[in-house]
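Q: Task: produce atomic coordinates for the following.
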Amino acid sequence: MIVLKIDEKQIFNLWNTNGRRSDVLNALSIYLSILEDLGNENPGDKWSSYPKSFMQYEFYVRAIEASPEVFSEHEKYDAFKEKIKPLWDLFLNNDPAFFEDKRSDKLIRILDKDIEQRARHYTSNLVRIGFATQERVITPSGQAFLNNIVNRDRIEKILPIKNTNLLLLRQLMKLRIFTKDENGICKYYSPFYMALYLLLTNETIDKSSFINIVQGASPYLNEDIKNKLLDDDLEFSTKENLATSLNVNIVDAFKSKDIISETEFSRYIKNRKSGKTEKIYYEFYKTLYQFIDSPSTDTYKQLNSVYMNNSDKIKKAFCRGKSIFDFGTNGVYNLNEFKLKNKENPFLITDKFNEFFYEMYENSKYLDQIAEYSDTTIRMFGATGVIKTKAPLYELSYKHILKDFFEIKRLKEMIFGEISSDEYIDYELSENFFFGSIKSMTQIFEVSDEKTTNIMKHLFYSYGVKDLNDLALVIDSETSRMFEKHIEDNYPLERVVNLLKLFSDRSQNDRIIKREVNEAADVPTIYEYLIGIAWYYISNKNFNLYDSFNLTLNADFEPMMHAGGGVGDIIVDYDDKSVMLEVTLMNKAAQKRAEWEPVLRHSINNRVEKLPRKSYTFFIADELDFNTINIWRAVAAVPLQATISDSIVDGVIIMPFTNNEIISFLEKNINSKSIIEQTELSFSKINKITNDGWRQDIIEKL
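A: You can find the predicted model right below:
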């Protein structure tokens, strides 16, 4: 499987449609973590299907366990588990007796088709973005994404985006879609560079044009169309038509002028999801053919009825989602009125109706695929933190920085190109292939040190600063102000309260929560985001909210992915103290398993890092486990050692709150100062255990 090569007339797709999910960044992180764990647990095992390996089976099992809200239904897997019970031990041990059993052939087919194949589909998304090889070995760029570790170049240091954003930005800059080999040459197309070109040469661009040009363009386009797409003076509508037009090869069945039978029709004009819809397609075709052949009152009524009752399906299938005919409001036109209003309609006046009908179907299907596949592409672009995609008009963030870096002439040269087959191997298939390597923005775009220095000098002058640190601070402050305005405009206190109340019943409200905030984030990430905003109001807006978040935001300042495991979820630095918010939607039982160690570790490390300032951790959950509450209380009495150094500290304060209590603080206007003071007062009464040698005392007396 060569994932970055496509056939002519094929739309590139950054996410496999099998197992598609909206929270793409979260999915990438989960899938990478599972691959890493499987590799560590099974050294030497290859990514292969049973009986060569259990890797694919185990990946699928862990994937559905890690995302129960996404993979809530898995009937075929459940059926497999039930059917294999009598043979489980034999299956698990690759015992020859398993393969001799008459039931094994059917079980292996189910395993391959309904379980392992899905694991291959899900992990192909890591390959498509360069985070794993085709053998499902995590690449250096995948490891960087998984561990949230980035060494930034000078340009990257001034971009106020999180490491996760930057790592995805780098990968999309490296992304190329290739043609199949022809005479040892592969032509390519860089969709992200096309997106940057459109947004750098225009203040904004409407969603339709952006999607159709970026997703519709292809490395197979002829040179004339490529040049026109990069013509600064050409209108968007023209570029859109150039990118999405399809040269259709008419099948023999539609070259005839006679009416086509339903059996023959359905061989070529299909609906992937519904046979019922296919029948509607044929009814429309038949009534339209009969009307054109004999335009009477009766044939008009039949056409009117079929079209008006199924207009959305028909428009989508045969006219790119646009109206095909004007029947008047609610179809009120009579036959003569209809003829007058539609006298120039190409469906009615073409000499080759069958050919035209088939051509419109193929073009509409092509456009429908562009719309379908663009969903993930746009989510990915937004997740870089530099392309705003929420509003109807898309625009580029930090344009004043990026326009100097992405020089238009150079950018145009990198949108389309060609390389040799050997160079393609170095790009995607060799051991240290380019797409999976760690490269900074300046390395990927081939910007020299001298050019980078000139860009920096220009930015220093523009912002009135003298060095890189000052420039980064000014840009960060500017971004923080934009984020705060976003919160004021979109998340006023009353709305935050109403949204937080939805988390009390996730079985009913998860879809509402995602729709109200961001479909591209999972619900726990959204909860983390809203709790941070809630604390911003509780603190009377007296801290830098943008810098306090460790979760990843998109360019529209909406949440994308939760904070990584190495740091606290939200760390609020006041002038004289530090507050860490650890946020979870796990139930009581899960809190014991998953929260005790990381919350304690983060709290100790934050206490050490913030010395001599006092630090507090507030653990926030929808419900609280009794033992968890009291263990958090008890740790304040004992000395504890950090993991970031050998430092030992005492008085680590972890105070639990419920979601309803946070809502109450907001509604009653209880501020952070009062919460911290009462917490400090209570924890100051705990008797400290200062003898950290107590264990040795016992050993010595035995």
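
Q: The residue lying closest to residue 394 once chain neighbours are set aside: how many residues sit nearby?
A: Spatially, and ignoring its direct neighbours in sequence, residue 394 is nearest to residue 210 (5.0 Å; C-beta to C-beta, 6 or more residues apart in numbering). Where you see a C-beta, it was placed from the backbone N, CA and C, and this is true even at glycine. Residues near residue 210, counting by other C-beta atoms under 10 Å, number 26.

Q: Residue 210 against residue 395, yeah?
A: No: Residue 210 is beyond contact range of residue 395, at 10.0 Å (criterion: C-beta atoms under 8 Å).

Q: Residues touching the lowest-mean-pLDDT helix or strand in the chain, excluding its own?
A: When each helix and strand of the chain is scored by mean pLDDT, DSSP states H and E, helix 588-594 comes last, with a mean of 81. Identification of contacts with helix 588-594 by C-beta atoms under 8 Å, 6 or more residues apart in numbering yields 584, 586, 621, 623-625, 627-628.

Q: One more: stretch 670-690?
A: Under the contact criterion C-beta under 8 Å, 6+ apart, stretch 670-690 has outside partners 535, 538-540, 542, 577, 579, 614, 616, 618, 633, 636-639, 650-651, 653, 655, 664-665.

Q: still on that earlier bit, tell me which two in the contacts of helix 588-594 are the farthest apart.
A: Greatest spatial distance among those (C-beta to C-beta): 584 and 627, at 15.2 Å.

Q: Can you find which helix in the protein contains the most residues?
A: helix 353-383 (DSSP state H).

Q: name the helices or strands packed onto that helix?
A: Judged by 3 or more C-beta pairs under 8 Å, 6 or more residues apart in numbering; DSSP states H and E, the packing partners of helix 353-383 are helix 24-41, helix 163-174, helix 191-200, helix 207-216, helix 236-244, helix 275-293, helix 311-318, helix 346-349.

Q: CSV for these, including mean pLDDT?
A: Formatted as CSV, these follow (pLDDT from 0 to 100):
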stretch, mean pLDDT
helix 24-41, 94
helix 163-174, 96
helix 191-200, 97
helix 207-216, 94
helix 236-244, 89
helix 275-293, 91
helix 311-318, 90
helix 346-349, 93
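
Q: how much space between the closest residue to residue 559 other than its chain neighbours and residue 277?
A: Leaving out its chain neighbours, the residue that sits closest to residue 559 by C-beta to C-beta, 6+ apart is residue 529, at 3.9 Å. Applying C-beta to C-beta, to the nearest Å, the value for residue 529 to residue 277 is 39 Å.

Q: The two: which is more packed in?
A: The residue with more neighbours, out of residue 529 and residue 277, is residue 529; 26 against 16, by other C-beta under 10 Å.

Q: so the more buried one, which of the three states?
A: helix (DSSP: H, G, I helix; E, B strand; the rest coil).

Q: And it, how far from residue 554?
A: From residue 529 to residue 554 the distance is 11 Å (C-beta to C-beta).

Q: neighbours around residue 226, how many?
A: Residue 226: 19 neighbours (other C-beta under 10 Å).

Q: Equivalent analysis for residue 674, please.
A: Residue 674 has 12 nearby residues by other C-beta under 10 Å.

Q: before we move on, what about residue 487?
A: Quick note: residue 487 (other C-beta under 10 Å) scores 19 neighbours.
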